[in-house]
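*Asks:* Generate coordinates for the sequence data below:
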Amino acid sequence: MTRFINRFTSTEMWVADERIEEYKSAGHVLADEAPSAKPIVEDKPQEKVVTKKTATKKATTAKKK
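*Replies:* The predicted structure follows:
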């Protein structure tokens, strides 16, 4: 396995040796050849965005007996 830097996300990824040329031709960079000026971004779980829902009260009429 060889370590590459994803050209879209700048994240580290591991590639099987038989697919190295495929990934190079797609524009991904070997981690050893990556410019040190661009930091590697580690995968982080995305935070959940919680939106507050407001309840609407429906007017109901009670039946009289």
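*Asks:* who's in contact with the nearest residue to residue 16 once chain neighbours are set aside?
*Replies:* Once flanking residues are discounted, residue 16 sits nearest to residue 1: 6.3 Å by CB to CB, 6 or more residues apart in numbering. No exception for glycine: its C-beta is placed from N, CA and C like everyone else's. Residue 1 makes contacts with 14-17, as judged by CB atoms under 8 Å, 6 or more residues apart in numbering.
*Asks:* Same list, these, but as JSON lines with secondary structure please.
*Replies:* As requested, the contacts of residue 1 are arranged in JSON lines below (DSSP: H, G, I helix; E, B strand; the rest coil):
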{"residue": "14", "secondary structure": "strand"}
{"residue": "15", "secondary structure": "strand"}
{"residue": "16", "secondary structure": "coil"}
{"residue": "17", "secondary structure": "helix"}
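*Asks:* Got a ChimeraX select line for the buried ones in the residues you listed?
*Replies:* Command for ChimeraX that selects the buried part of the contacts of residue 1, burial taken from 16 or more other CB atoms under 10 Å:
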select :15
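*Asks:* Among the contacts of residue 1, which one sits closest to residue 25?
*Replies:* Each of the contacts of residue 1 was checked against residue 25 using CB to CB; the closest is residue 15, at 12.1 Å.
*Asks:* Enumerate the beta-bridge partners assigned to the closest one.
*Replies:* Counting by DSSP bridges, residue 15 forms beta bridges with residue 2.
*Asks:* what about residue 19, which SS state?
*Replies:* Applying three-state DSSP: residue 19 is helix.
*Asks:* Report the separation between residue 11 and residue 51.
*Replies:* 28 Å (CB to CB, to the nearest Å).
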